[in-house]
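1. please find the sequence and the predicted model below.
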Amino acid sequence: EIAQTFQTAYPNAKLLYPGKNDFTPDKRQRIFHDIKNNNWDCIVLTHDQFGMIPQSEEIQQKILQDELDSVEENLEVLRQQGRSISRAMEKGLVKRQMNLQAKLDEIKFKIENRKDDIVDFKTMGIDHLFVDESHTFKNLMFNTRHDRVAGLGNSEGSQRALNMLFAIRTIQERTGKDLGATFLSGTTISNSLTELYLLLRPQALEAQHIKTFDAWAAIFAKKSVDYEFSVTNEIVQKERFRYFIKVPELAAFYAQITDYRTAQDIGIDRPEKNEIMHNIPPTPEQEEFIAKLVEFAKTGNAELLGRPKLSEREEKAKMLIATDMARKMSLDLRLIDPNRYGDHVDNKASHCAAKIAEYYRRFNEQKGTQFVFSDLGTYKPGEWNPYSEIKRKLVEDHGIPAQEIRFIQEAKTDKARKTLIAGMNEGSIRVLFGS
C-alpha cells in the first residue's frame, strides 16, 4: 500500500518494491546489487527485509569500540568505588566487555579478509530513511551505573535497533550532520526513560558535553524511592527516575527532532472511541491460583503451580516466570494447562462471547461487524486458545453461524487478507479476531 500510494503521488518516480520472494537467500545478493547499481528515487522494504541488508563493518567497528570504551570506563569507576558496588553489576559489565570485544575481533577479521565486490548499506548510497512504526527499533544499547534503579529497560538492547543505528550513522558520517532519518510512530516513548535519551541528537548532546546516559540523567532526571505493588500484589520499595528537572531545556532538545500531529490535525475520518471497562471478578480457581502465585514468588517452589522444580537458570528469572503466569492466569487458566483447568460460566471468554453476541443482535439489521483483539493467546490451529474458545461459545451458546466468525491468522497471503476484509465490508463476516 505504501508503494502504491507513493507511485500515485509521484507517477514518474523510479520505485523499487521487492516482494517476499525477492529476499530469499539465493536472490538476496541480486536485490542488493540492484539497489547499489541503480539510481532509485524510493525503495520500500519491510522491517525484516531492511534487517537483511549488511551494514558497513567500519561503522560497526567504530560504534562497538565506542561502546566498549564506555563499558571499560564504567568498570574503572566502579572498581575505584570498591565495596559500594554490587558484585552482580561488576560481573555484568565484565561479561558485556567480553562480548563486545568478541564482536570487535570478529568484525576485524571480516575487514581483513573482505572481498572487493562486497555490497553493504554504505555502498548502496542511501540518502535518507523513513521508518514507519519506529518504536520497534527503540531498544538500543546504553551504559549505566544505576544498576539498582528499576524501569530503565535492557541495557544490551536489541540487534534490530543496533542495525538501525549502524545505518543511520552511515548516512550521518557521509553528510556530517546528525540527520538522515525520519521516525514515524504513535508511541515514540512507551516504557522507559532511556528511550527519550536514545532519541536525542548526538551532536547536540555532545555540544553540551553529554556523552552517556548517566551524564544526561544527572542533568535532566531525578531518582526517588517509593512504594509500589509487585507482580504478586505485595507492597515493595522501588527506586526509579520519577521526575524530570530542567524541563524547558529538555523540551527544547526534544522539539528539535519532533513534529506532533493528531488524527484530528491530519483530518483522518474515524469515529470517536467509546471506551468501556468491564470489571470481571476472578473465578474460584483463579483466586486459588493467585494465592499459590504469591507463595511461589516468596519461596520459588514451582510445584505449587504444577511446574517441575526450577532449574538454576529459571531461579534467576523467578519473577519473570511469576509475571508470565499471572498474565496467562488473568486471561484464562487454560493458557497455563488446558487439561488441568476447565471452563467457567464467569470467566473472560464467557463474558466476552456474551458481549459480542449482544452487539451482533443489536446491529443485526445493519449487518454490524466487530473486531476482537487480545494481546495474549491468539489463534493457533490444533491447540487450545481463547480466540477459538470464544468462537465456540458464540456458535454453541449464542447461535451465531460459524462461517460469520473468522480469524485473521487464517489468511496466509495478501490476497486472502483482502478477501477477509472484503467479507467484513459486505457483512458476510460479522466477527473478525485479530492480534
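-> On my side now, so go ahead.
2. how about the contacts made by the residue in the chain sticking out farthest from the centre?
-> Residue farthest from the centre of the chain, counting by Cα atoms, centre = their mean, is E365 at 40.1 Å. E365 makes contact with no residue, according to Cβ atoms under 8 Å, 6 or more residues apart in numbering. For glycine as for every other residue, the C-beta is placed from the backbone atoms N, C-alpha and C.
3. center of the protein, which residue is that?
-> Nearest residue to the geometric centre of the chain (Cα atoms, centre = their mean): T136, 4.7 Å.
4. ok, the closest residue to that residue other than its chain neighbours - how many residues close by?
-> In this structure, T136 finds its nearest non-sequential neighbour in H47, 6.3 Å apart by Cβ to Cβ, 6 or more residues apart in numbering. When neighbours are defined as other Cβ atoms under 10 Å, H47 has 15 of them.
5. repeat that for the one 4 residues further on.
-> For G51, the number of neighbouring residues by other Cβ under 10 Å comes to 15.
6. just confirm it contacts N163, I think it does.
-> Yes: under the criterion of Cβ atoms under 8 Å, G51 makes contact with N163 at 5.7 Å.
7. on that earlier part again, is it true that the residue farthest from the centre of the chain lies in a strand?
-> No: E365 is assigned coil when assessed by DSSP: H, G, I helix; E, B strand; the rest coil, not a strand.
8. state the distance from it to G427.
-> According to Cβ to Cβ, to the nearest Å, E365 stands 11 Å off from G427.
9. likewise G180?
-> G180 is 47 Å from G427, by Cβ to Cβ.
10. with D66 instead?
-> Remark: distance between D66 and G427 (Cβ to Cβ) = 58 Å.
11. cool, N191 as well?
-> Using Cβ to Cβ, we find N191 at a distance of 39 Å from G427.
12. next: E239.
-> With Cβ to Cβ as the criterion, E239 and G427 are 55 Å apart.
13. do F166 as well
-> For F166, the distance to G427 equals 48 Å [Cβ to Cβ].
14. tell me which of the two has more neighbours.
-> The neighbour comparison of F166 against G427 (other Cβ under 10 Å) goes to F166, with 21 against 13.
15. next up, the contacts around that one.
-> Residues near F166 by Cβ under 8 Å, 6+ apart: Q55, S56, I59, Q60, I63, F121.
16. check which helix or strand it maps to.
-> Following DSSP states H and E, one finds F166 within helix 159-175.
17. mind listing what's buried in that helix?
-> Residues of helix 159-175 classed as buried: R160, L162, N163, M164, L165, F166, A167, I168, R169, T170, I171, Q172 (neighbour count, 16 or more other Cβ atoms under 10 Å).
18. so the fourth one sits against F137, correct?
-> Yes: with contact defined as Cβ under 8 Å, M164 counts as touching F137 (4.5 Å).
19. overlap in contacts of the two?
-> Contacts common to M164 and F137, judged by Cβ under 8 Å, 6+ apart, are V131.
20. just the C-alphas of the strand or helix carrying D265, formatted as CSV.
-> Using DSSP H and E, D265 maps to helix 263-266. C-alpha atoms of helix 263-266 as CSV (Å, rounded to 0.1, in the frame of the first residue of the first chain):
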residue,chain,number,x,y,z
ALA,A,263,-5.6,12.3,13.8
GLN,A,264,-7.7,15.5,14.0
ASP,A,265,-4.9,17.6,12.7
ILE,A,266,-4.4,15.3,9.7
